[in-house]
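Engineer: next comes the sequence, and after it the predicted model I'd like to discuss.
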Amino acid sequence: KAGVTQTPRYLIKTRGQQVTLSCSPISGHRSVSWYQQTPGQGLQFLFEYFSETQRNKGNFPGRFSGRQFSNSRSEMNVSTLELGDSALYLCASSSTTGTVTDTQYFGPGTRLTVL
Amino acid sequence: AQSVTQLGSHVSVSEGALVLLRCNYSSSVPPYLFWYVQYPNQGLQLLLKYTSAATLVKGINGFEAEFKKSETSFHLTKPSAHMSDAAEYFCAVSGGGGGNKLTFGTGTQLKVEL
């Protein structure tokens, strides 16, 4: 099976712009989660989608949003970019049930740089 | 709230030596624990996970971890380090707030020296 894919891999934006990142989960997986990784804050959970519904949300401002499509592909959007949004954004998918014991499989990430 | 604490942000070992990376958890419910590894410019790869089936969990690349409830620990070990083990290692706990959200520790950078 193909792994989790994320596009684009690298992105450079300027402050105030908005950005959309895309994630294609492993075939058959219905749960998709997003994480932000920065040197200062480490790995932080953004949100999780399961069958097109947001099931869980981390402690991030409303500028961060996401959605999931019927084919389980997911996008996350960040509006009004700030310098502090520069990070590696990781997407992870897990199996059909999306329970606490499921393994989450991570994509390679999208490196966002905000200038 | 669930959390994990990784002691030691940097660990250095000689090739062939024992690798020990420490992780302690805090959870009000039985925890489900994971170890992931991250190589430079890559995503996270699962090494192993504990889901209460067995306290000693064997993973990939010769790694294993033992769940010790009395010590609230889930330390990662490997008997003999290899140069290719140099990477960052993350301990994580699953759950909290519904779904399968992972809460990660701050990571341990493993350096393997000749």
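Structural biologist: Structure received.
Engineer: following element in sequence after the helix or strand harbouring residue A:66, please.
Structural biologist: In this structure, residue A:66 sits in strand A:64-68 according to DSSP states H and E. Moving toward the C-terminus from strand A:64-68, the next helix or strand (DSSP H and E) is strand A:74-78.
Engineer: what about the helix or strand following that next one, distance to the chain center?
Structural biologist: Scanning forward in sequence from strand A:74-78 by DSSP H and E, the next helix or strand is strand A:87-94. With CA atoms, centre = their mean, to the nearest Å as the basis, strand A:87-94 stands 5 Å off its chain's centre.
Engineer: which residues does strand A:87-94 contact?
Structural biologist: With CB atoms under 8 Å, 6 or more residues apart in numbering or on different chains as the test, strand A:87-94 has contacts from A:4, A:6, A:21, A:23, A:25-26, A:29, A:31-38, A:43, A:46, A:72, A:74, A:76, A:102-107, A:109-112, B:43-44, B:100, B:102. (Glycine included, C-beta is placed from N, CA and C.)
Engineer: same question, stretch A:33-42
Structural biologist: A:23, A:43-49, A:56, A:60, A:66, A:74, A:76, A:86-94, A:104, A:109, B:99-102, B:104-107.
Engineer: how about the residues of chain A by chain B?
Structural biologist: The interface of chain A toward chain B, taken as CB under 8 Å from any CB of the partner chain, is made up of A:4, A:31, A:33, A:35, A:42-45, A:48, A:50, A:55-56, A:58, A:90, A:92, A:94, A:98-109.
Engineer: you'd agree residue A:106 is up against residue A:5?
Structural biologist: No. The criterion here is CB atoms under 8 Å, and residue A:106 misses it with residue A:5 at 11.1 Å.
Engineer: looking at the two, which is more packed in?
Structural biologist: Under the criterion of other CB atoms under 10 Å in any protein chain shown, the comparison of residue A:106 against residue A:5 puts residue A:106 first, with 22 against 15.
Engineer: what bridges to that one?
Structural biologist: residue A:92 (DSSP bridges).
Engineer: any idea how far residue A:15 is from it?
Structural biologist: 28 Å (CB to CB, to the nearest Å).
Engineer: go on, residue A:94?
Structural biologist: Per CB to CB, residue A:94 is found 34 Å from residue A:15.
Engineer: with residue A:107 instead?
Structural biologist: Residue A:107 is 26 Å from residue A:15, by CB to CB.
Engineer: more neighbours: those two, which one.
Structural biologist: The neighbour comparison of residue A:107 against residue A:15 (other CB under 10 Å) goes to residue A:107, with 24 against 11.
Engineer: contacting residues for that one?
Structural biologist: Residues in contact with residue A:107 (CB under 8 Å, 6+ apart) are A:3-6, A:23, A:90-92, B:43.
Engineer: for chain B, what lies in contact range of chain A?
Structural biologist: B:32, B:34, B:36, B:41-46, B:49, B:51, B:90, B:92, B:94-95, B:97-107.
Engineer: show me which of the residues you listed are buried.
Structural biologist: B:32, B:34, B:36, B:43-44, B:46, B:49, B:51, B:90, B:92, B:94-95, B:99-105, B:107 (16 or more other CB atoms under 10 Å in any protein chain shown).
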